[in-house]
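A.B. asks: dropping the sequence and predicted coords here.
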Amino acid sequence: MALWFKEYLLAKEPGAAWDPAEDLAVRFCMRFSDDAELTRYVVHSADAFIAADKCTPSNAKTLFFALEKTGEDKYREAICGVMARLDAQPEAAPDLSAAYETLPFRMAYEMKLNRMERVGRTAAMYCDVHKHLWNHKAQSHGESLQAEGWFLMALMDGIECCSDQLYEHWRALVDIYRVTLRGVLPGLETADARTQALLLYGLMRGVERGLIDPERYLPVARKGIALLRAKGEERAADMLEEGFGVL
């Protein structure tokens, strides 16, 4: 793990305001869960969210991680509280940002805590977002490239959680992931650095999980990382290379 990344995290206050940078930072921490310092950072973040009563579907990944690492009931209770509040909300119109905010949490809850009772419903929610927003001619969902990138992340979160235990649902998400990825890649070169990093993260997770052809997509990843370096985003490029190790 790059020393700068540890320094960056250890200088932060756990449970800081949740934003895209914090989301990615926590994701990388969880990828290196054998590192005690990084594990503590995620657990302390979960504790801070509970203490401030600021647990949401977005930051609940810290709660699941802390529950798996410690087995403490307070994390289970916090997750169930988030689920109860989410279920009490009226169903919203399909939206990529809302999908990222809620669907990965729903899938994790169903698979890990709810005996998979509503996995089919959750998978259908993913499919509904795609079905209602996808423009076949434009090969996009009609939202910003960054929003498309976050939807890729939501799909990968759902795929990894669902795995192929329930093949029909898993395959439906994989198909949407592949279509979405093909749609966003033409915009990779001209995207801003944050969006490039987001798209590359989604792409490299797909390679890592065997969902897409490495012979076809790893050259795209290498080119994207070179673009980040050309923009002076050395740290983002280093973390993608080190975090995945598929290049």
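C.D. replies: On my side now, so go ahead. Nothing here was measured: the structure is a model prediction, and the numbers come from that model.

A.B. asks: domain parsing of this structure, as residue ranges.
C.D. replies: 1-89, 94-187, 188-247 (automatic domain parsing).

A.B. asks: dump those into JSON lines; add mean pLDDT and mean neighbour count as well.
C.D. replies: Quick note: C-beta positions are derived from backbone N, CA and C, even for glycine. JSON lines is the format used below for the domains of the chain (pLDDT from 0 to 100; neighbours: other CB atoms under 10 Å):
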{"stretch": "domain 1-89", "mean pLDDT": "87", "mean neighbour count": "16"}
{"stretch": "domain 94-187", "mean pLDDT": "95", "mean neighbour count": "18"}
{"stretch": "domain 188-247", "mean pLDDT": "92", "mean neighbour count": "17"}
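
A.B. asks: quick one, what contacts residue 91?
C.D. replies: By CB atoms under 8 Å, 6 or more residues apart in numbering, the contact set of residue 91 is empty.

A.B. asks: can you pull the pLDDT of it?
C.D. replies: pLDDT recorded at residue 91 is 81.

A.B. asks: so how far is residue 117 from it?
C.D. replies: 18 Å (CB to CB, to the nearest Å).

A.B. asks: now the residue nearest the centre of the chain, what's its secondary structure?
C.D. replies: Residue closest to the average C-alpha location in the chain (CA atoms, centre = their mean): residue 153, at 4.0 Å. The local conformation at residue 153, judged by DSSP: H, G, I helix; E, B strand; the rest coil, is helix.

A.B. asks: which residues touch it?
C.D. replies: By CB under 8 Å, 6+ apart, the neighbours of residue 153 are 100, 104, 198, 201-202.

A.B. asks: do a quick rundown of the helices in the chain.
C.D. replies: Taking DSSP state H as the criterion, the chain contains helices spanning 3-10, 20-31, 36-51, 61-70, 73-88, 96-112, 119-133, 145-162, 167-184, 193-208, 214-230, 234-244.

A.B. asks: send me the fifth one as CSV with only the CA atoms.
C.D. replies: C-alpha atoms of helix 73-88 as CSV (Å, rounded to 0.1, in the frame of the first residue of the first chain):
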residue,chain,number,x,y,z
ASP,A,73,-24.5,-6.0,17.0
LYS,A,74,-24.5,-2.2,16.9
TYR,A,75,-23.5,-2.3,13.2
ARG,A,76,-26.3,-4.8,12.5
GLU,A,77,-28.8,-2.5,14.3
ALA,A,78,-27.5,0.5,12.3
ILE,A,79,-27.9,-1.3,9.0
CYS,A,80,-31.4,-2.5,9.9
GLY,A,81,-32.3,1.1,10.8
VAL,A,82,-31.1,2.4,7.4
MET,A,83,-33.2,-0.3,5.7
ALA,A,84,-36.3,0.6,7.7
ARG,A,85,-35.9,4.2,6.7
LEU,A,86,-35.4,3.3,3.1
ASP,A,87,-38.4,1.1,3.0
ALA,A,88,-40.5,3.9,4.5
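
A.B. asks: what's in contact with that helix?
C.D. replies: 46, 49-50, 55-57, 60, 63-64, 66-67, 102, 105-106, 109, 113.

A.B. asks: closest one of those residues to residue 241?
C.D. replies: Ranked by distance to residue 241 (CB to CB), the contacts of helix 73-88 are led by residue 64 at 26.6 Å.

A.B. asks: ok, the closest residue to that closest one other than its chain neighbours to residue 158 distance?
C.D. replies: The shortest distance from residue 64 to any residue other than its chain neighbours is 5.5 Å, reached at residue 108 (CB to CB, 6 or more residues apart in numbering). Here the criterion is CB to CB. By it, residue 108 lies 9 Å from residue 158.
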